[in-house]
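1. I need the structure of the sequence given here:
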Amino acid sequence: MIDEREGEAELARLIIESLHLEGVHPGDIEPEAPLFGEGLGLDSLDMLELSMAIEQKYAVKLRSDDPDNDKIFASLRSLARHIREQHAR
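-> This is a model prediction of the structure:
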């Protein structure tokens, strides 16, 4: 990912495409809004599908047993930040 906004837009497109979210556009996903529950309304199966898509596109492995998943998947911004941090290592 290049810069924060561009990375978030790219990740929003990946979320929409990989989860087949009809009628949702990248600009509709607020960077700080929750991805799960009341926000975008994703569930645990969506997390699994999204994790696989992220691993395939960005070569970043997201584990289902990671104790930080609540923070990592809290919002589009936090997920994009985590991906950038993993690439920086």
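
2. Every contact and neighbour count from this point should use C-alpha atoms.
-> Noted.

3. which element is the one residue sitting closest to the centre of the chain on?
-> For the chain, residue 79 is the residue whose C-alpha lies nearest the centre (C-alpha atoms, centre = their mean; 4.8 Å). Residue 79 belongs to helix 76-88 when assigned by DSSP states H and E.

4. May I have that helix as CSV, with CA atoms only?
-> Extracted in CSV, the C-alpha atoms of helix 76-88 (Å, rounded to 0.1, in the frame of the first residue of the first chain):
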residue,chain,number,x,y,z
LEU,A,76,-11.1,0.0,7.6
ARG,A,77,-8.4,2.3,8.9
SER,A,78,-7.1,-0.1,11.6
LEU,A,79,-7.0,-3.0,9.1
ALA,A,80,-5.1,-0.9,6.5
ARG,A,81,-2.7,0.3,9.2
HIS,A,82,-2.0,-3.3,10.2
ILE,A,83,-1.3,-4.3,6.6
ARG,A,84,1.1,-1.4,6.2
GLU,A,85,2.8,-2.3,9.5
GLN,A,86,3.3,-5.9,8.4
HIS,A,87,4.8,-4.8,5.1
ALA,A,88,7.2,-2.5,6.9
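
5. Okay, buried residues for that helix please.
-> Residues of helix 76-88 classed as buried: 76, 77, 78, 79, 80, 81, 82, 83, 84 (neighbour count, 16 or more other C-alpha atoms under 10 Å).

6. go on, stretch 20-31?
-> Of the residues in stretch 20-31, those buried (16+ other C-alpha under 10 Å) are 26, 29, 30, 31.

7. ok, and what's touching the helix holding residue 79?
-> Residues outside helix 76-88 that contact it (C-alpha atoms under 8 Å, 6 or more residues apart in numbering): 1, 4, 7-8, 11-12, 29-35, 58, 60, 71-73.
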